[in-house]
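In: Fold the following for me, if possible:
(chains A and B, ligands or ions: 2)
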Number of protein chains: 2
Amino acid sequence: MSSVNISIIGAGSAVFSLRLVSDLCKTEGLYGSKVTLMDINQDRLDAVYILASRFAEEMNANLEFSKTTVLEEAIKGRDFVVNSALIGGHDFLDRVRAIGEKHGYFRGIDSQEFNMVSDYYTLTNWNQLSFFLKIAKLMERHAPDAWLLQAANPVFEGTTLIRRYSSIKMVGFCHGHYDVREVAETLGIPIEEVDWQVAGVNHGIWLNRFKRNGEDLYALIQKYAANYDPRRFKPINPFNVQMSPATIDMYRFYGLVPIGDTVRNSGWKHHYNQETLVKWYGAPWGSPDSEPGWQWYKEQLGQVTGATVALAKAIEQFPEASLEKLIVEGSRGLSGDFARQAAQLYNKNSLSGEQHIPFIDAIINDSSARFVLNTLNEGAIPGIEDNVAVEVPALVDREGIHTEAIDPPLPERIVKWYLKPRVLRMEWALEAFIERDSDLIVEILLKDPRTKSYEQAKAVVREIFETEGLSE
Amino acid sequence: MSSVNISIIGAGSAVFSLRLVSDLCKTEGLYGSKVTLMDINQDRLDAVYILASRFAEEMNANLEFSKTTVLEEAIKGRDFVVNSALIGGHDFLDRVRAIGEKHGYFRGIDSQEFNMVSDYYTLTNWNQLSFFLKIAKLMERHAPDAWLLQAANPVFEGTTLIRRYSSIKMVGFCHGHYDVREVAETLGIPIEEVDWQVAGVNHGIWLNRFKRNGEDLYALIQKYAANYDPRRFKPINPFNVQMSPATIDMYRFYGLVPIGDTVRNSGWKHHYNQETLVKWYGAPWGSPDSEPGWQWYKEQLGQVTGATVALAKAIEQFPEASLEKLIVEGSRGLSGDFARQAAQLYNKNSLSGEQHIPFIDAIINDSSARFVLNTLNEGAIPGIEDNVAVEVPALVDREGIHTEAIDPPLPERIVKWYLKPRVLRMEWALEAFIERDSDLIVEILLKDPRTKSYEQAKAVVREIFETEGLSE
Ligand SMILES: NC(=O)c1ccc[n+]([C@@H]2O[C@H](COP(=O)([O-])OP(=O)(O)OC[C@H]3O[C@@H](n4cnc5c(N)ncnc54)[C@H](O)[C@@H]3O)[C@@H](O)[C@H]2O)c1
Ligand SMILES: NC(=O)c1ccc[n+]([C@@H]2O[C@H](COP(=O)([O-])OP(=O)(O)OC[C@H]3O[C@@H](n4cnc5c(N)ncnc54)[C@H](O)[C@@H]3O)[C@@H](O)[C@H]2O)c1
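Out: Ligands and ions are numbered 1, 2, ... in the order given. Below is the predicted model of the structure:
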């Protein structure tokens, strides 16, 4: 048992924080640890603090919580800093998207080829990227040996940026690769029997290995794809797109199955308008990255935030109440996914699926385990520069991150037609940010199928950057 | 004096062939050589043959001409093979462009970001690329030690393709870099005093060095750009764009002056429609790559071809007539450029500016000279793969091509925002050709600002490839 100092920046992100807290409560190797919750939203912070403390108490977990609204305080002397903050919140994303749509950019200018995820801004996110660097710089000064665990998006741009411009230890996390399970499930194969690997960049990962006892299970996928009938695809919620027609279409073109959010990150072919979205990602939403799909997601988030604050209030007023009971009963009104997640919080035998706490455990207690992580390429994927963050499986132990050999390697088709153009977009976006040069954003928009004139691109960028004061 | 066997494939390209022949006549080191003219157009071939023979006679040049319509005959036993053939001719280009425009692609689908030159097709040119490989394969068999000098476009894709898929010695030529003179002239600097270098890829080259006695002349360019008034730009013909507003705009963004056809090869910002073209490349044409600009060019070409055939007829009927007199007088009706070129043919002290014959002279007679050539990168430009053809200055002697060190190196801005995306487009186009997979052309069009739907891209590609029988 090794106690460490952990902090969560943007802890007001309730779902996320409680998932980490519940994982911590189930990881006895980290008992005795101190957890600092940090957020600038006092109400959310207070609520999460109350719930986290009570949750640990009910789980008999030996953890100590504190809270702060001051970033430095959450960094000084910490061993692990988790960042899940979204600067400006969803309101910022919505405002920027609305300006984009006003100027003729369906779903906003940050929706770009191979990057359509609606809270993964890469062009207008200078506030977010600045915050990433701010944390890294504070860590260099106040916690130079600590690890920064990046959960906030864009993980691809963020990991590359921080690793290039800071000396701290840093790794990016995403849970997208869990959808490998759904692929296996669909084919009727128990995931435990599968020898799988994924590789690529964050939100652009591909199932390069999929075997059982040495036998290549891609034969099954091929058969599945050959018999696939898009009309029979009925998603249960907007995020339920792992086996959507878009996936099959991408598989046919790229030769491997795209995993997790990669399915959402195809090109314009699947994203021109609501009608196309519905065609490729299923009715009625057409993926999470449609107007109705994203609306659905924000409503869920809103309900969870509302519930969090309400629960915290209830616990304050009735200290004798059982949080477990309140959560399990209260979450019944939520959609299936959220209800399942809520129920899982108290299940001692099941972790949340977020990799952060198991990663800390592996590093601290040398309990070697396998992860899918975002870290610098350094040769893992040939054809991609060494100083670009890739998302690959890795073993983690006290010595750090040991990236697996990617075998079989990603096909040329994926490197040349998907990863390289995506990497270029990342490079362009980072240069625009580093130089604080919004003309580069205009230049990126000149390659955009939605741009009809230079004036249009110039106008939308000017309005967004001026209205939001991004260049400051 | 060393005699060699040279052949010119596509010799019916009259301007080009007579320029080479006149250069040969002025290169005494190659006297005694045998020149084979090859073309599938018998009329053009006959005409060029008559004119070439007569021209050499009047110049007292010891050269022996032959002609053939059979490709193999022009390859067997040759030391140098020049390829300037355009498979399908301008009619093919026009037909493909017209189908593109019908489907909503202004200037046709081969006009692409960083590749707007109207006879430089890269997507629908499988006929042209097949012919390149056919020549290379015939050379491997029948003239394995010979050099292939590539003049036909696309030189970038072509050089990369041949060098990757054939073992023959091969180099690509373009005369675009001569426009460095115009830059110097405009600034009032004698070109002989300038220490200059250009680097990039064919039709994408940049003036990376521009000095006099160690002093950086970019200070003058900066001043020139600062005082540049686009309203005062009046091109004398569509090609007169080296000092156009587009050039200044590119210089401001990329940090170096684009040279030659590079000016035409900017992004959509300068190419959306005729109005934009006129704004950036001057009235009335708006560059050679506009409807009226290209019309102008084809008319000139037509007149030259007409004049060639007429001249040859005249020589046949009146063997005592002086070709020199006929040419000089006959070319008076042509535009300034063509008239000057015609007059220059007989000027013993002035070569045409095409690099082919001086290159042969340098190789054969070890008369080390400086060229700007297309050859594999092999480290010349960092950030670009070794097996990609770049256009760089090189010394040539009996040992072959010695690429100059590129100093100062190209700025990141150019590598990242211009060369890398251009290289990716080349890679995509070559894969489509190698795999004979027109779906890849559709995929390229999905990135095109003119594409509004997948169906549109699919339809235009299908119509072009079916109508022209390109996949066969
Ligand atoms: N990596 C993953 O697996 C994953 C999954 C889902 C979401 N995300 C990302 O996580 C981030 C959060 O998403 P969300 O929907 O929970 O957003 P949210 O707005 O609900 O929560 C973010 C929190 O950050 C706080 N915050 C804002 N500015 C702050 C600042 N300066 N300092 C400290 N805290 C600040 C907010 O008050 C809020 O509580 C996003 O970037 C999202 O894309 C990542
Ligand atoms: N590298 C340079 O500096 C440069 C400059 C200008 C033009 N070009 C290129 O040169 C090429 C020729 O252009 P052009 O305007 O003279 O075209 P053109 O059509 O006038 O001449 C090309 C010749 O090729 C011949 N030809 C066609 N198919 C043939 C075959 N199968 N075998 C032999 N000959 C064949 C035609 O009969 C014609 O005589 C084009 O690719 C053009 O882009 C290169």
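In: name the element the closest residue to A:F132 other than its chain neighbours belongs to?
Out: Once flanking residues are discounted, A:F132 sits nearest to A:G158: 5.0 Å by Cβ to Cβ, 6 or more residues apart in numbering or on different chains. For every residue, glycine as well, the C-beta is placed using N, CA and C. Here A:G158, judged by DSSP states H and E, is contained in helix A:155-165.
In: pLDDT of that helix, averaged?
Out: Computed over helix A:155-165, the mean pLDDT rounds to 98.
In: Report the buried residues of that helix.
Out: For helix A:155-165, the neighbour count (16 or more other Cβ atoms under 10 Å in any protein chain shown) marks A:V155, A:F156, A:E157, A:G158, A:T159, A:T160, A:L161, A:I162, A:R163 as buried.
In: of all these, which comes closest to B:N202?
Out: The closest of the buried residues of helix A:155-165 to B:N202 turns out to be A:T160 (Cβ to Cβ; 31.4 Å).
In: how close does that closest one get to A:M170?
Out: Separation of A:T160 from A:M170 (Cβ to Cβ, to the nearest Å): 10 Å.
In: Repeat that for A:W294.
Out: Using Cβ to Cβ, A:W294 is found at 29 Å from A:M170.
In: Compare those two (neighbour count), which wins?
Out: A:M170 (26 against 22; other Cβ atoms under 10 Å in any protein chain shown).
In: okay, now the residue nearest to that one when sequence neighbours are not counted: neighbour count?
Out: Leaving aside its chain neighbours, A:M170 sits nearest to A:L148 (4.3 Å; criterion: Cβ to Cβ, 6+ apart). If you count neighbours by other Cβ under 10 Å, A:L148 ends up with 26.
In: returning to what we had before: after the helix holding A:G158 comes which helix or strand?
Out: Per DSSP H and E, the helix or strand that comes after helix A:155-165 is strand A:169-172.
In: Let me see the contact set for whichever residue of chain A sits closest to ligand 1.
Out: Closest approach of chain A to ligand 1 (Cβ to the nearest ligand atom) occurs at A:G12, with a separation of 2.4 Å. The contact partners of A:G12, taken as Cβ atoms under 8 Å, 6 or more residues apart in numbering or on different chains, are A:D39, A:N41, A:R44, A:L45, A:A47, A:V48.
In: Run a quick neighbour tally on the fifth one.
Out: Using other Cβ under 10 Å, A:A47 has 25 other residues around it.
In: Can you tell me the element it falls in?
Out: Element membership for A:A47, per DSSP H and E: helix A:42-58.
In: Next, the closest residue to ligand 2 within the stretch 301-450 of chain A: phi, psi?
Out: In the stretch 301-450 of chain A, the residue that lies nearest ligand 2 is A:K447 (25.5 Å; Cβ to the nearest ligand atom). When read as degrees, to the nearest 10, the backbone of A:K447 gives phi -90, psi 0.
In: count of neighbours near it?
Out: A:K447 has 21 neighbours, counted by other Cβ under 10 Å.
In: From A:I363, how far off is it?
Out: According to Cβ to Cβ, A:K447 stands 41 Å off from A:I363.
In: can you check A:E299 too?
Out: In terms of Cβ to Cβ, A:E299 sits 37 Å off from A:I363.
In: which of those two has more neighbours?
Out: Set side by side, A:E299 and A:I363 show more neighbours around A:I363, with 23 against 11, by other Cβ under 10 Å.
In: Identify the residues contacting the more buried one.
Out: A:W147, A:V396, A:D397, A:R398, A:G400.
In: Go ahead and confirm the fourth one touches A:D366.
Out: The one in question is A:R398. Yes: using Cβ atoms under 8 Å, A:R398 is in contact with A:D366, at 4.1 Å.
In: can you give me the end-to-end distance of stretch A:345-364?
Out: 23 Å (Cα to Cα, to the nearest Å).
In: Oh, that last question was meant for stretch A:225-245, not what I typed.
Out: Start-to-end span of stretch A:225-245 (Cα to Cα) is 9 Å.
In: Likewise for stretch A:368-384?
Out: 28 Å.
In: Neighbours of the residue of the stretch 101-250 of chain A found nearest chain B, how many?
Out: Nearest residue of the stretch 101-250 of chain A to chain B: A:E113, at 6.5 Å (Cβ to the nearest Cβ). By other Cβ under 10 Å, 20 other residues sit near A:E113.
In: What about the residue nearest to it when sequence neighbours are not counted, how many residues nearby?
Out: Closest residue to A:E113 apart from its sequence neighbours, by Cβ to Cβ, 6+ apart: A:G267 at 4.9 Å. A:G267 is flanked by 21 other residues according to other Cβ under 10 Å.
In: show me what contacts A:G267?
Out: A:E113, A:F114, B:E443, B:L446, B:K447.
In: Check A:S350 too.
Out: By Cβ under 8 Å, 6+ apart, A:S350 lies in contact with A:Q344.
In: what about it, distance to A:Y31?
Out: Relative to A:Y31, A:S350 is positioned 18 Å away (Cβ to Cβ).
In: Buried only: go through the contacts of A:I363 for me.
Out: Buried by 16+ other Cβ under 10 Å: A:W147, A:V396, out of those.
In: So of the contacts of A:I363, which two are at opposite extremes in space?
Out: Pairwise distances across the contacts of A:I363 peak at 13.6 Å for A:W147 and A:D397 (criterion: Cβ to Cβ).
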